[in-house]
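Colleague: would you be able to build a 3D model of this:
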Amino acid sequence: MAVTETPAADIISAIAMNDTEKKEPQIREKMRLMSASEIERTLVRLAHEVVEKNNGAANLGLVGIKRRGVPLAERLGVLIGNIERQPVDTGVLDISFYRDDLSVRDARPVVAPGAVGFDVNGRDIILVDDVLYTGRTIRAALDALMDHGRPRSVQLLVLIDRGHRELPIEARFIGRTVQTSDREIIEVKLNEIDTQEQVLLVERVD
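Modeller: Presented below is the predicted three-dimensional model:
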């Protein structure tokens, strides 16, 4: 019987593919934490809280942390503008190569260069993100914000606070606090990015 030899390149490729498959984490959905309507109502509440605690919006500027902090900041800007009947500046901070809620503990946030979108000097800045976890993304965002100017104040607003802080960073405005384990992940889905609108609690499965 003839024996057909498999080329070495094919063997290496098969091994690499097998290793990749093993490394990909398996995720299972546990529950839906927020529906589209719940996200909308939460943002309306947060907008009113921001206005109340800042005595209006005359000096406010909203800065979203890319990616999902940006549409949240833009929506809040519209809501606050409607409440106060005046436009509210919104901008962007790009924290690349890292997403706090989905990355391993030893990953480090990297700030991508680029303008915020408006002058932050002397402004009361609301820094907006989707999920607050270890606090390292916020620390990087604060450093980046200070490179653009000196705000009068900086307040943090998050849709979800899931705990497990590694740095002494807390949000002033919180949509919802969710107790999680290290194996669990909060997935925020927004129409502007994901073409769907919900917040899910999922879990890594070995």
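Colleague: contacts only, for the most centrally placed residue in the chain.
Modeller: Geometric centre of the chain, nearest residue: residue 130, 3.8 Å, by Cα atoms, centre = their mean. Residues in contact with residue 130 (Cβ atoms under 8 Å, 6 or more residues apart in numbering) are 68, 69, 72, 101, 158, 159, 160, 188, 190. (Glycine included, C-beta is placed from N, CA and C.)
Colleague: export those to CSV and append columns for pLDDT, secondary structure and neighbour count.
Modeller: Below are these laid out as CSV (pLDDT from 0 to 100; DSSP: H, G, I helix; E, B strand; the rest coil; neighbours: other Cβ atoms under 10 Å):
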residue, pLDDT, secondary structure, neighbour count
68, 94, coil, 23
69, 96, helix, 27
72, 98, helix, 26
101, 48, coil, 21
158, 98, strand, 27
159, 98, strand, 26
160, 98, strand, 25
188, 97, strand, 25
190, 97, coil, 22
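Colleague: show me which of those is closest to residue 95.
Modeller: Taking Cβ to Cβ as the measure, residue 69 is the one of the contacts of residue 130 closest to residue 95, at 8.9 Å.
Colleague: for the closest one, which residues are in contact?
Modeller: Here residue 69 is in contact with 93, 127, 128, 129, 130 (criterion: Cβ under 8 Å, 6+ apart).
Colleague: how close does the residue nearest to the centre of the chain get to residue 140?
Modeller: 15 Å (Cβ to Cβ, to the nearest Å).
Colleague: one more: residue 129?
Modeller: Distance from residue 129 to residue 140, by Cβ to Cβ: 11 Å.
Colleague: settle it for me: which of the two has more neighbours?
Modeller: Between residue 129 and residue 140, counted using other Cβ atoms under 10 Å, the more crowded position is residue 129 (30 against 20).
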